[in-house]
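Chemist: Any chance you could fold what I've pasted below:
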Amino acid sequence: MTDSQQVRGRHAQAPAAARAAGPASAPAPGVGAPAGAPDAGPAPDGGQVPAHGAEPAAPPHDAHGQSVASWTAVSVIMLGTLIMAVAVVVTNWWVFAVGAVVIVLGAVSGRVLSAMGFGVSGRPAH
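Modeler: Okay, the predicted model is just below:
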């Protein structure tokens, strides 16, 4: 069932007195909602709380870290992890140490590139 069908189903199950009162009156608290579900109403900050089942609007996510700095850092760190995994399989401690150094270099490269302006800074001209 789609959300709109569920909502219509909830309103169809309202008591006859509430339906007879007309659309100007609000349904009784908790009608059609599961027991213990919060009712819509004013929020503590003065905004409106969405009714049960309604999802609040999510803030926009513009970049999600999609920048040269983040891609470089993650790629180098993944390479270091792969080197360390191979070192565990072949039981070679110095290859494992090389992988650990590559991981540290990946983290440092991400910070350096971000400081150079290749990261997500939140400013329009980044």
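
Chemist: Residue 84 reaches residue 94, doesn't it?
Modeler: No - look at residue 84 against residue 94 with C-beta atoms under 8 Å: they stay out of range, at 11.6 Å. For glycine as for every other residue, the C-beta is placed from the backbone atoms N, C-alpha and C.

Chemist: Looking at the two, which one has more neighbours?
Modeler: residue 84 (17 against 8; other C-beta atoms under 10 Å).

Chemist: contacting residues for that one?
Modeler: Residue 84 is in contact with 95, 96, 99, 100, 103, counting by C-beta atoms under 8 Å, 6 or more residues apart in numbering.

Chemist: Are any of these buried, and if so which?
Modeler: 95, 96, 99, 103 (16 or more other C-beta atoms under 10 Å).

Chemist: and the second one, what element?
Modeler: What that stands for is residue 96. Secondary-structure assignment from DSSP states H and E places residue 96 in helix 93-113.

Chemist: Number of residues surrounding residue 118?
Modeler: Count around residue 118 with other C-beta under 10 Å applied: 17.

Chemist: got any ranges where the protein has weak pLDDT?
Modeler: For the chain, the stretches flagged by pLDDT under 70 are 1-63, 65, 122-126.

Chemist: biggest helix in it, by residue count?
Modeler: In the chain, with assignment by DSSP state H, the single longest helix is helix 68-90.

Chemist: buried set for that one?
Modeler: 69, 70, 72, 73, 76, 77, 80, 83, 84, 87.

Chemist: Relative to residue 110, which of the contacts of residue 84 is nearest.
Modeler: residue 103 (11.2 Å; C-beta to C-beta).
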